[in-house]
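Novice: pasting a predicted model and its sequence here:
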Amino acid sequence: MAINIKNLNYYYGDIPALKDLSFSVAKGDFFIIIGPNGSGKTTLMKVMAGILKPKKSRLKILNRTIENYSRKDLAQTMAFVPQMMPVDFPFSVIEVVLMGRSPYLGILGVEKEGDLNWVSKKRGI
């Protein structure tokens, strides 16, 4: 399984955002999370990306519990792009796509020719 979640609960104080959520997604499957405002979609994505930490649950990404990922390994495995994100600088599409390469860059965070080639292949250039 690419994603396997069992009995996921997340609370903001005493208010439940996710309650006993369980599902799995096979590798290669396409899935969508839909629901009304306040139903926990963003909270779920933040938990899956390791941004929020639930107290009791079982969350596996590619058969590894999320606690067993380093921040870098998890960032290389999945990404979370929020629906609303303030942008202070005008970025081109290719610059935004290159931001997804940051977990693969060296300590200075400078793209190399291979990164530019990877992005070009994904865009079909």
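Specialist: Ah, there it is. Residues are numbered from 1 along each chain as shown.

Novice: list the buried ones in the helix or strand of the chain with the lowest mean pLDDT?
Specialist: One helix or strand of the chain scores below all others by mean pLDDT, DSSP states H and E: helix 113-123, with a mean of 71. The neighbour-count check on helix 113-123 (16 or more other C-beta atoms under 10 Å) flags 115, 118-119 as buried. Quick note: C-beta positions are derived from backbone N, CA and C, even for glycine.

Novice: what's that helix packed up against?
Specialist: Packing contacts for helix 113-123, counted by 3 or more C-beta pairs under 8 Å, 6 or more residues apart in numbering; DSSP states H and E, involve helix 93-99.

Novice: and Arg71, how far from Pro90?
Specialist: Shown here: Arg71 relative to Pro90, a distance of 28 Å by C-beta to C-beta, to the nearest Å.

Novice: what of Val47?
Specialist: Taking C-beta to C-beta, one finds Val47 at 32 Å from Pro90.

Novice: can you check Lys46 too?
Specialist: For Lys46 relative to Pro90 (C-beta to C-beta), the value is 27 Å.

Novice: so for these two, which sits in the more crowded spot?
Specialist: Applying other C-beta atoms under 10 Å to Lys46 and Pro90 shows that Lys46 carries more neighbours, namely 17 against 6.

Novice: list the contacts for the more buried one?
Specialist: Residues in contact with Lys46 (C-beta atoms under 8 Å, 6 or more residues apart in numbering) are 52, 80.

Novice: use 444 as the first number for this chain going forward.
Specialist: Will do, 444 is the new start, and the previous item becomes Lys489.

Novice: so it sits in a helix?
Specialist: Yes. Assessed by DSSP: H, G, I helix; E, B strand; the rest coil, Lys489 belongs to a helix.

Novice: what ranges does this structure have for its helices?
Specialist: For the chain, the helices defined by DSSP state H cover 484-491, 514-520, 536-542, 556-566.

Novice: tabulate these in a markdown table, adding columns for distance to Gln526.
Specialist: Formatted as a markdown table, the helices of the chain follow (distance: least, C-beta to C-beta, whole Å):
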| stretch | distance to Gln526 |
| --- | --- |
| helix 484-491 | 8 |
| helix 514-520 | 19 |
| helix 536-542 | 15 |
| helix 556-566 | 22 |
